[in-house]
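Asker: coords please:
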Amino acid sequence: MKRFNLKYYLKEGISNFFSHRLMSVAAITVIAACLLITSSFSLVAYNLGIQVADLETQSEIMLWVDETYTRPQAQALEQEIKQVDNVDTVEFIPKEESLEDYKEQMGDDAYILEGLENDNPLRDGYRIVMKDVSLHQETVDALEQIDGIASTTSKKEFSDKLVKMRSVVNAISYTLIAMLGAVSIFIISNTVKLAMFARREEIAIMRMVGATNHFIRSPFIVEGLVLGEIAALVAFGLEWLIYDYIAEGVVGSTGLIQMVAFPQFALPLLLMMLAAGLVLGSGGSVLTIRKFLKV
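Answerer: Have a look, this model is predicted:
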């Protein structure tokens with residue numbers, strides 16, 4: 001009886017699944033709902049993360065070169081600026097381009113700036129994009145130490161809001177994943193507990209004739225795995241339908257934000273949901289069986 005018999009374990013595990021169809025369906029429904037909610041919020045966080053990353057590229061630092069510097073001297077500062085930690089991209093902005101930008105911003109009042117082309121009061125500058133907006137102030141301080149940089153202009157408040165937004169989204173995602181995972185394990189453990197209670201006399205006889213705990217509990221672990229994997233597949237299918245509906249029917253029509261196409265992450269998401277179903281199914285079963293058998 002100690003011999004490992006995979007065929008027997010699979011047969012008994014699947015048999016337990018169909019013997020308690022109502023509870024099995026209820027367990028699959030609840031677990032699938034937990035996985036669906038978790039994956040949905042994770043995808044929301046994923047898309048928001050992309051939007052935040054795009055906004056981070058707009059969190060720029062403008063550097064203004066000392067007015068006594070010639071054009072070649074101003075352009076020579078680029079290499080030194082690139083050496084500063086957390087600097088992602090560097091773009092030189094000639095003062096002529098800055099003047100044209102001001103004219104566009106002023107619209108009908110741009111005539112006020114006419115005639116300044118030959119006596120441009122603006123300075124050459126650089127547009128800096130950071131790698132990590134959370135290091136905004138440190139980056140500004142380092143750039144201001146460069147000889148030839150007269151002043152800087154940036155929106156630190158905007159960067160701080162982006163950092164806070166990213167932290168809140170991540171915190172909510174992790175909290176939901178933990179809570180819903182615990183609920184799923186609880187549901188599976190109760191399903192397995194009912195199956196073991198229904199077969200308590202059979203289990204008692206098996207133990208009396210020398211059956212090992214491994215031999216007794218394996219079919220129930222298989223049952224938990226079946227519940228978890230079926231729930232994962234159901235949740236994945238529903239997620240795909242709901243995501244496409246929202247992306248095309250709701251967000252797509254309003255054009256407020258751009259959502260990543262589902263096929264781009266479908267395979268990784270499927271693998272993660274199957275892995276989650278595997279962990280939840282086996283975890284709920286093992287916890288219940290260990291308590292039941294007192295091992």
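Asker: can you confirm Y69 is in a helix?
Answerer: No. Going by DSSP: H, G, I helix; E, B strand; the rest coil, the assignment for Y69 is coil, not a helix.
Asker: okay, now it: neighbour count?
Answerer: Residues lying near Y69 (other CB atoms under 10 Å) number 18. C-beta coordinates here come from the backbone N, C-alpha and C atoms, glycine included.
Asker: how about E67, what does it touch?
Answerer: 123, 150 (CB atoms under 8 Å, 6 or more residues apart in numbering).
Asker: and G210, that's in a helix?
Answerer: No. G210: not assigned to a helix; according to three-state DSSP it is coil.
Asker: biggest helix in the chain, by residue count?
Answerer: Longest helix in the chain, counting residues (DSSP state H): helix 156-198.
Asker: for that one, packing partners?
Answerer: Using 3 or more CB pairs under 8 Å, 6 or more residues apart in numbering; DSSP states H and E as the contact test, the elements touching helix 156-198 are helix 6-19, helix 21-56, helix 136-144, helix 213-244, helix 266-293.
Asker: repeat that for 10 Å
Answerer: When contacts are defined as 3 or more CB pairs under 10 Å, 6 or more residues apart in numbering; DSSP states H and E, helix 156-198 sits against helix 6-19, helix 21-56, strand 60-65, helix 136-144, helix 200-208, helix 213-244, helix 266-293.
Asker: so which of those comes closest to V84?
Answerer: Closest to V84 of the helices and strands packed on helix 156-198 is helix 136-144 (CB to CB; 4.8 Å).
Asker: switch the helices and strands packed on helix 156-198 over to CSV; also include distance to V90 and mean neighbour count.
Answerer: Compiled in CSV, the helices and strands packed on helix 156-198 are given as follows (distance: least, CB to CB, whole Å; neighbours: other CB atoms under 10 Å):
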stretch, distance to V90, mean neighbour count
helix 6-19, 61, 16
helix 21-56, 16, 18
strand 60-65, 9, 21
helix 136-144, 10, 17
helix 200-208, 71, 12
helix 213-244, 38, 21
helix 266-293, 34, 19
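Asker: nearest to S154, out of the ones you listed?
Answerer: Short answer: strand 60-65, nearest of those by CB to CB, at 4.3 Å.
Asker: name the residues that touch the helix or strand following that closest one?
Answerer: Using DSSP states H and E, the helix or strand that follows strand 60-65 in sequence is helix 71-76. With CB atoms under 10 Å, 6 or more residues apart in numbering as the contact definition, helix 71-76 has outside contacts at 64-67, 69-70, 92-95, 123-126, 148.
Asker: let's see that with 8 Å instead.
Answerer: 65, 92, 94, 124, 148.
Asker: the following helix or strand past it packs against which elements?
Answerer: Counting by DSSP H and E, the next helix or strand C-terminal to helix 71-76 is helix 78-82. Helix 78-82 makes packing contacts with strand 87-93, strand 125-130 when contacts are defined by 3+ CB pairs under 8 Å, 6+ apart.
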